[in-house]
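In: Okay, predicted coordinates and the sequence, questions at the end:
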Amino acid sequence: MQTLTIRRPDDWHVHLRDGDMLALVAPYTARQFGRAIVMPNLAPPVTSVAAAAAYRDRILAATAGLDFTPLMTAYLTDDSNPDEIERGRRDAVWIAAKLYPAGATTNSARGVTEIGRISRVLERMQAIGMPLLVHGEVTDPQVDTFDREAVFIDRILLKLLADFPALKVVFEHITTRQAAELVASDDFPNLAATITPQHLMLNRNALFDGGLRPHAYCLPVVKREEHRLAVRAAAVSSSPKFFLGTDSAPHVAAAKQSACGCAGLFNAPFAIEAYAQVFDEEGALDRLEGFASEHGPRFYGLALNPGQLTLERGGCAVPTAIGDVIPFGAGGHFAWRLSN
Ligand code: NCD
Ligand code: ZN
């Protein structure tokens, strides 16, 4: 197969940032994806309907002329108010709410300190069919960084799923065999997961490949090969519970190449090319469309995109930098490229 045409995909997890960074990065997402779920971890975070509406306007300005719809999210805090969360959904400003355990990742300081504090919000979201998007890592410093996702399942997620059985939950950017198995299980029909290109392509050796590699550092951190293989198998399994979410999370190079470097990879410029390479390697190109363009909208209860996107085998070269940001795969190649 030399070319592949699929329904236009969506990105169900992306960080578009704000200001100059938004202007730099948003067109890359909008070029490939019809829609994207935009993460709310700005500084300050997007906690109000008004802030989300204003942020959406700035994204639309940054992607003017491109056929792109940003889908906004609310950032949950200990003080989130169920009425405000519901109002944003009813007024079609935001579509979902994001749970960051406080301190788990970039700009999560105002996240939720204890899940019990948002019970009323979760009850309301369950009642109105609003999805909860979860950064699934515990923050307990006693827990090994590489185990934080698996421990989150045991300490927090299983109870959450039991307490709110009808709540739609997306386990974001899964990285472990445990997460892939949990999501695939028939026991949790309302649980789905996004999967990033980096967690399909890298294992934790990438962090230390000849030296410390800040551009392979994201959260949740890439794991052992065993886990990468399990996540790959889930992505290509054709289960409707797994779908595309890049977690593209740009930081300027100086902020990553630092004594305390930021977590996050900028993979938006060649996202669909990276996924196509993985599905090709797995002999599953026929399943890319489901993962990239169908499973996500069905989970969220949205129409599929009308347009199409064509990829060609033959490779694309990734530049060494885009503005002040080093993209995922910088200086290398992916095996597929976007046509025209
Ligand atoms: C994200 C960011 O920089 O906003 N970083 C990351 O490594 N993925 C936050 C997140 O999704 O954890
Ligand atoms: Zn993210």
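Out: All right, it came through fine. Ligands and ions are numbered 1, 2, ... in the order given.
In: Quick one: name the residues of the stretch 101-250 of the chain near ligand 1.
Out: 105-106, 135, 218-219, 247, 249 (CB under 6 Å from any ligand atom). Where C-beta positions appear, they are placed from N, C-alpha and C, glycine not excepted.
In: Secondary structure, distance to I174 and pLDDT added to those residues, as TSV?
Out: TSV is the format used below for those (DSSP: H, G, I helix; E, B strand; the rest coil; distance: CB to CB, whole Å; pLDDT from 0 to 100):
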residue	secondary structure	distance to I174	pLDDT
T105	coil	14	89
T106	coil	18	88
H135	coil	11	98
C218	coil	13	98
L219	coil	12	98
D247	coil	11	98
A249	coil	16	98
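In: what about burial for those, which qualify?
Out: Buried members of those, scored by 16 or more other CB atoms under 10 Å, are 105-106, 135, 218-219, 247, 249.
In: If you count contacts, what does the helix or strand where S119 lies end up packed against?
Out: If you go by DSSP states H and E, S119 is part of helix 119-128. When contacts are defined as 3 or more CB pairs under 8 Å, 6 or more residues apart in numbering; DSSP states H and E, helix 119-128 packs onto helix 82-90, helix 158-163.
In: now the first one: how far from the chain's centre is it?
Out: The chain centroid and the centroid of helix 82-90 are separated by 23 Å under CA atoms, centre = their mean, to the nearest Å.
In: Also the last one?
Out: In terms of CA atoms, centre = their mean, the centre of helix 158-163 is found 22 Å from the chain centre.
In: Check which residues of it are buried.
Out: For helix 158-163, a neighbour-count test (16+ other CB under 10 Å) marks 160-161 as buried.
In: After it, which helix or strand is next? Please name it.
Out: Downstream of helix 158-163, the next assigned helix or strand under DSSP H and E is strand 169-171.
In: Tell me the strands beside that next one, with direction?
Out: According to DSSP bridges, strand 169-171 has the following sheet partners: strand 132-134 (parallel), strand 191-195 (parallel).
In: ok and the helix or strand following it relative to strand 191-195, angle-wise?
Out: Per DSSP H and E, strand 169-171 leads on to helix 177-184 as the next helix or strand towards the C-terminus. Counting by axes from the mean of the first three to the mean of the last three CA atoms, to 10 degrees, helix 177-184 lies at 130 degrees to strand 191-195.
In: Packing partners of helix 177-184?
Out: Using 3+ CB pairs under 8 Å, 6+ apart: helix 177-184 touches helix 148-152, strand 169-171, strand 191-195, helix 225-235.
In: chain center to that helix, what's the gap?
Out: Here the centre of helix 177-184 is set off from its chain's centre by 16 Å, with CA atoms, centre = their mean.
In: same question, stretch 15-23
Out: 16 Å.
In: got the end-to-end distance for it?
Out: 12 Å (CA to CA, to the nearest Å).
In: Likewise for stretch 230-240?
Out: The first residue of stretch 230-240 is 16 Å away from its last residue (CA to CA).
In: cool, stretch 72-92 as well?
Out: Per CA to CA, stretch 72-92 runs 9 Å from first to last residue.
In: L200 - nearest residue in space that isn't next to it in sequence?
Out: What sits nearest to L200 in space, not counting adjacent residues and going by CB to CB, 6 or more residues apart in numbering, is V278, at 4.6 Å.
In: and what of A303?
Out: Once flanking residues are discounted, A303 sits nearest to P297: 6.5 Å by CB to CB, 6+ apart.
In: residues contacting that neighbour?
Out: For P297, the contact set (CB atoms under 8 Å, 6 or more residues apart in numbering) comprises 10, 303-305.
In: could you flag which of the residues you listed are buried?
Out: Those of the contacts of P297 that meet the buried threshold are 10, 305, by 16+ other CB under 10 Å.
In: out of the contacts of P297, who's nearest ligand 1?
Out: Set against ligand 1, the nearest of these by CB to the nearest ligand atom is D10 (17.4 Å).
In: looking at the sheet around the closest residue to the closest one other than its chain neighbours, what are its partners?
Out: Nearest in space to D10, with sequence neighbours left out and distances taken as CB to CB, 6+ apart, is R35 at 4.4 Å. Beta bridges link R35 to T69 when assigned by DSSP bridges.
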